[in-house]
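**Q** I would like to see how this sequence folds:
(chains A and B)
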Amino acid sequence: MFDLTGGTDGMGGLQPGTVEGGASAAYFNPALLSDLPFGVSVGFMVVSTQIGVTLAARPGTQFDVPVVPGGIANVTYPNGSSIGNVPIPTSQLQNGFAPTLGNPAGLPAKPRQGAGTGHQTTAYETVGIVVKLLDNRLGLGFYGIIPDGNFTELDAFYSDEREQFLSNSLHPELYGDRLTSLSLGFGAGYKISDELAVGLGASLSLAANVTAGTYVSNINALGHLLLDTNASVNVSVSPNVGLSYRPTPRWHFTGTVHAPEKIDLAIGFTFLLATGTQQSSTLPLVYDYMPWQIGAGAAYDIVQHKDETLTVAGSAVFQKWSDYVDRHGETPIPAYGWYDTLTPTVGMRYQRDATGTFLDLQYKPSPVPPQTGRSDYVDNDRLGGEVGVDYAFTFMHTSMRVGGQALVYWLIPRYQTKLATPNEPDGFNHYPALVADELPDNSVINGGPVAGSQGLQTNNPGWPGFGSAGVVLGGGIYLTVIP
Amino acid sequence: MWLRVPFLLAACVPACYPDVVPSPYDYGSDAEVTSPTSSSSATATSTATVTPTATATATATASSTAMDGASPPPSGPCDLSGHWIASEHEELDGLGVLEAAHVWYYFELSQTGSAGMITKGMECGENVAAISSGGANETSTKAWPAYQAKLQVALAGVTFTSTAAGSSCTVSFEQFYTVIGATVPYYLNPSTTLPTVSQQAMGTTPGWEDWDNDGNPGITQNSTGLVDGQLYLSARRSSTWSGTIAASASTFQLSDDWTDDPDDLGYSPSTAGLLTSQAGKYSDETTQFVQFARLSESQASGSDDTICTTIRSLAPTLTPSGAGN
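**A** Predicted structure coming up:
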């Protein structure tokens, strides 16, 4: 969330690590806390993501997973071994089927892209506080963005053919639930000298463990199973350090380093059957992963008068997305490894008397390479900007600032076509980076070949190609009280 | 008012960036899940199938006379002498999951008066098919030649009675035992403990035998469905068939009072422990039966291999209930 909105409580804009704004410096560059006055800020903002996914048409039914007489669950390799994750016949996936005697529950339809999550609008409250100590040389800060509704939301999905069993849809990888998770940062900045300040901060990370012990007496009546859960949540912090250096009255240089952040969720299952058979499994889930980030920025006061200041600022943030771990704790296929990125931002600040305004422009490249293989990570290069205004006033002998910002990002359209998967007559997956043939060419049932298994059959939602585009809109207001 | 602007913008923008899923053709409608060798509807309680074998010539010959049904004329309305196909249907319940086991036999029966005997019997194959979702499907086709050869000694000599009762006949077979995956006839005696995995048959020493020649002990049952894996086992079973049939019937059904004493010798992979579950006889006794159909002498003839091939292909049509269709 911090990465998307920037500093929402002052003049920081999309460069809060370089230009001090408000308590949000606790996350972006805690060294800047030493330059801020004591105060409390509250705010409200709304962010809306409108990301559309366009799927290419499936070219023909020969690529569908067929309905297999005898049941696709009985398909095996010629040696009798299982084919692995048994795909759902494509027509049944798309249309569902009514309950039958052998399957009393039936199957609800899971139409392709029927459960996309690219269109979300969320409101947030923001809160921040800065405390000054040690002759105003030490600044302590706290800043939080709290989504309305769910305190935090964590949604997992697969980015390949495995998602057919769940939503059968593609989802924006770096948006969605990442914008509805708890964002909290705190830090301390100390002014070593009039020119140099350093800071140390941290953002909150969570590590939760959930174990579920179950007893199954009847596989055909799973609604009657017995269940116990044990949950534990450990709080961890992801540290960050900051530097602020003013060699001259007009120049200002900054540097920041943020350690990776994530929310770990480990889910353990233990199944006990009435036969006494007991099996256990643990599944890791990782949410809101942010990689190592190294930022540097510079600002220069072009105009510096008593009542008027014009500042130009520029910054860049390096993010090590090649270390990315997705929601299922998996790294992208090596052939489609994510890129490390450098995000440049430029902007201006103009302050005249009690009123200040700013404009920032940013280009954020996507770390996701063209998805021409098995994986379906949805992401786009992003071009955007933010404008804001800030006004200082006194009310009842108390200094205050009020301001507002508006944010627009354009997700530059991109489209990719999947590479063709070569035929694999021996049934082995020789091309794990490409779209998987979910029904091996040599699969058999009742000793005979499976009709419709030759060539590629897949329910990968992103096959034979997909595109994405959209916008992100945001806006907010804040009030800072400076006693 | 201006606070609502972002919401208003958010409401307008989806029209510019909706999800798009073109569909140039209709996805195929669901096909009924039916047995490939049967024309029964998908509402049948069992989805069991009989594996058609590769040697289709005997099947073609047999099918051309499959509906003749004419055996040599019996000496009386309750005389079961002749050649028969029999399909046993036994339903099991494990953890609430229903499965049906099927066994296909070839019998030559001889009867004098009301007493008769199996003069030649072959077990030509068997399988387990899931009835309810979550059930396992188990096949062990590689062991069928061993069933055919080794169980003849267990079936030959089994006696039965067929007695007239008005316009019906009361038929009763004596309880007989069969053993798979272990030395026959040594383990036919129910008081003899079945072998452990360390007791492999060697020379004249009885024990488990690799009937499917796959290097694993006993019989290997390949399971698919909710439980994937292989189960290695031997087993001793008993069957007692009885019932009342119509006089001069060329097809009839008898109730099957059976017991099963499995001897688990191992399983693979290690996570396939479910395969060792002790499924019990399903409580509905009407689901435990054997279905007979009389064969003409030309319907199943030739070598034992040829006969059993024919039996497996005829079972779905001549004994549809027993074969699982």
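**Q** the stretch 201-325 of chain B: helices as residue ranges?
**A** B:304-318, B:320-323 (DSSP state H, counting those that start in this stretch).
**Q** for the shortest one, packing partners?
**A** Here helix B:320-323 is seen to pack against strand B:82-94, strand B:97-112, strand B:289-295, helix B:304-318 when contacts are counted using 3 or more CB pairs under 8 Å, 6 or more residues apart in numbering or on different chains; DSSP states H and E. Bear in mind the C-beta positions are built from the backbone N, C-alpha and C, glycine included.
**Q** mind listing what's buried in the longest one?
**A** For strand B:97-112, burial by neighbour count (16 or more other CB atoms under 10 Å in any protein chain shown) applies to B:97-109, B:111.
**Q** I'd like the mean pLDDT over that strand, please.
**A** The average pLDDT within strand B:97-112 is 88.
**Q** note down every partner strand of that strand and its orientation.
**A** Partner strands for strand B:97-112, per DSSP bridges, with pairing direction: strand B:82-94 (antiparallel), strand B:115-130 (antiparallel).
**Q** now that strand against helix B:304-318, angle please.
**A** Going by axes from the mean of the first three to the mean of the last three CA atoms, to 10 degrees, strand B:97-112 is angled at 110 degrees with respect to helix B:304-318.
**Q** and for the third one?
**A** Note on geometry: by the same axes, to 10 degrees, strand B:289-295 and helix B:304-318 are set 110 degrees apart in direction.
**Q** walk me through which strands strand B:289-295 pairs with, and which way each runs.
**A** Strand B:289-295 pairs in its sheet with strand B:82-94 (antiparallel), strand B:251-268 (antiparallel), by DSSP bridges.
**Q** among those, show me which one is buried the most.
**A** Among the strands paired with strand B:289-295, strand B:82-94 has the highest mean neighbour count (mean count of other CB atoms under 10 Å in any protein chain shown), at a mean of 23.
**Q** mind saving the C-alpha coords of that strand as PDB?
**A** Listed next in PDB are the C-alpha coordinates belonging to strand B:82-94 (Å, rounded to 0.1, in the frame of the first residue of the first chain):
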ATOM      1  CA  GLY B  82     -24.200 -76.900 -19.500                       C
ATOM      2  CA  HIS B  83     -21.900 -74.000 -20.000                       C
ATOM      3  CA  TRP B  84     -22.400 -70.800 -18.000                       C
ATOM      4  CA  ILE B  85     -21.100 -67.300 -17.600                       C
ATOM      5  CA  ALA B  86     -21.400 -65.900 -14.100                       C
ATOM      6  CA  SER B  87     -20.700 -62.400 -12.800                       C
ATOM      7  CA  GLU B  88     -20.400 -61.700  -9.200                       C
ATOM      8  CA  HIS B  89     -21.400 -58.300  -7.900                       C
ATOM      9  CA  GLU B  90     -20.400 -57.400  -4.300                       C
ATOM     10  CA  GLU B  91     -20.800 -53.900  -2.900                       C
ATOM     11  CA  LEU B  92     -18.500 -52.700  -0.100                       C
ATOM     12  CA  ASP B  93     -18.700 -49.700   2.200                       C
ATOM     13  CA  GLY B  94     -15.500 -48.000   3.400                       C
END
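**Q** one step back: looking at the helices and strands packed on helix B:320-323, spot the one closest to A:Pro59.
**A** Closest approach to A:Pro59 among the helices and strands packed on helix B:320-323 (CB to CB): helix B:304-318, 37.8 Å.
**Q** wait, does that closest one contact chain A?
**A** No: Helix B:304-318 is not in contact with chain A by CB under 8 Å from any CB of the partner chain; minimum separation 10.9 Å.
**Q** buried ones in that helix?
**A** Buried-residue list, helix B:304-318, by 16+ other CB under 10 Å: B:305-318.
**Q** re the thing from before, out of the helices and strands packed on helix B:320-323, which is closest to A:Phe157?
**A** With CB to CB as the criterion, A:Phe157 lies closest to strand B:97-112 of these, at 30.5 Å.
**Q** OK, contacts around B:Trp208?
**A** By CB atoms under 8 Å, 6 or more residues apart in numbering or on different chains, the contact set of B:Trp208 is B:181-182, B:195, B:197, B:199-201, B:217-218, B:234, B:263, B:265.
**Q** can you redo the helices and strands packed on helix B:320-323 as TSV with distance to B:Ser168?
**A** TSV is the format used below for the helices and strands packed on helix B:320-323 (distance: least, CB to CB, whole Å):
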stretch	distance to B:Ser168
strand B:82-94	18
strand B:97-112	16
strand B:289-295	15
helix B:304-318	22
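**Q** so which of the ones you listed gets nearest A:Gln319?
**A** Closest approach to A:Gln319 among these is made by strand B:97-112 (50.5 Å; CB to CB).
**Q** out of the contacts of B:Trp208, which end up buried?
**A** By 16+ other CB under 10 Å, the contacts of B:Trp208 give B:181-182, B:195, B:199-201, B:217-218, B:234, B:263, B:265 as buried.
**Q** and stretch A:336-355, how far out from the chain middle?
**A** 20 Å (CA atoms, centre = their mean, to the nearest Å).
**Q** where are the low-confidence patches of chain A?
**A** Applying pLDDT under 70 to chain A flags the ranges A:100-105, A:150-153, A:205-208, A:214, A:216-225, A:231-234, A:273-277.
**Q** quick check on the most centrally placed residue in it: phi, psi?
**A** With distances taken as CA atoms, centre = their mean, the residue of chain A nearest its centroid is A:Leu174 (3.4 Å). Dihedral angles of A:Leu174 (phi, psi; degrees, to the nearest 10) stand at phi -110, psi 20.
**Q** now the strands for the stretch 101-250 of chain A?
**A** Secondary structure of the stretch 101-250 of chain A (DSSP state E, counting those that start in this stretch): strands at A:119-133, A:138-147, A:183-191, A:196-216, A:226-245.
**Q** what's the closest of those strands to chain B?
**A** strand A:119-133 (4.5 Å; CB to the nearest CB).
**Q** which neighbours in the sheet does that closest one have, and how are they oriented?
**A** Counting by DSSP bridges, strand A:119-133 is paired with strand A:39-55 (antiparallel), strand A:138-147 (antiparallel).
**Q** for these, give me a markdown table that also has mean neighbour count.
**A** As requested, the strands paired with strand A:119-133 are exported to a markdown table (neighbours: other CB atoms under 10 Å in any protein chain shown):
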| stretch | mean neighbour count |
| --- | --- |
| strand A:39-55 | 22 |
| strand A:138-147 | 22 |
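**Q** mark which of the buried ones among the contacts of B:Trp208 are part of strands, please.
**A** Here DSSP state E is the test, and the buried ones among the contacts of B:Trp208 give B:234, B:263, B:265 as lying in strands.
**Q** can you tell me the closest non-neighbouring residue to the first one?
**A** Using CB to CB, 6 or more residues apart in numbering or on different chains and skipping residues adjacent in sequence, the residue nearest B:Ser234 is B:Gly181, 3.3 Å away.
**Q** leaving out the residues flanking it, which one is nearest to the residue nearest to the centre of chain A?
**A** Closest residue to A:Leu174 apart from its sequence neighbours, by CB to CB, 6+ apart: A:Asp379 at 5.4 Å.
**Q** so who does that neighbour touch?
**A** A:Asp379 is in contact with A:172-174, A:366-368, A:468, counting by CB under 8 Å, 6+ apart.
**Q** got JSON lines for the strands paired with strand B:289-295, with distance to A:Gly189 and mean pLDDT too?
**A** Putting the strands paired with strand B:289-295 into JSON lines (distance: least, CB to CB, whole Å; pLDDT from 0 to 100) gives the following:
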{"stretch": "strand B:82-94", "distance to A:Gly189": "66", "mean pLDDT": "87"}
{"stretch": "strand B:251-268", "distance to A:Gly189": "62", "mean pLDDT": "88"}
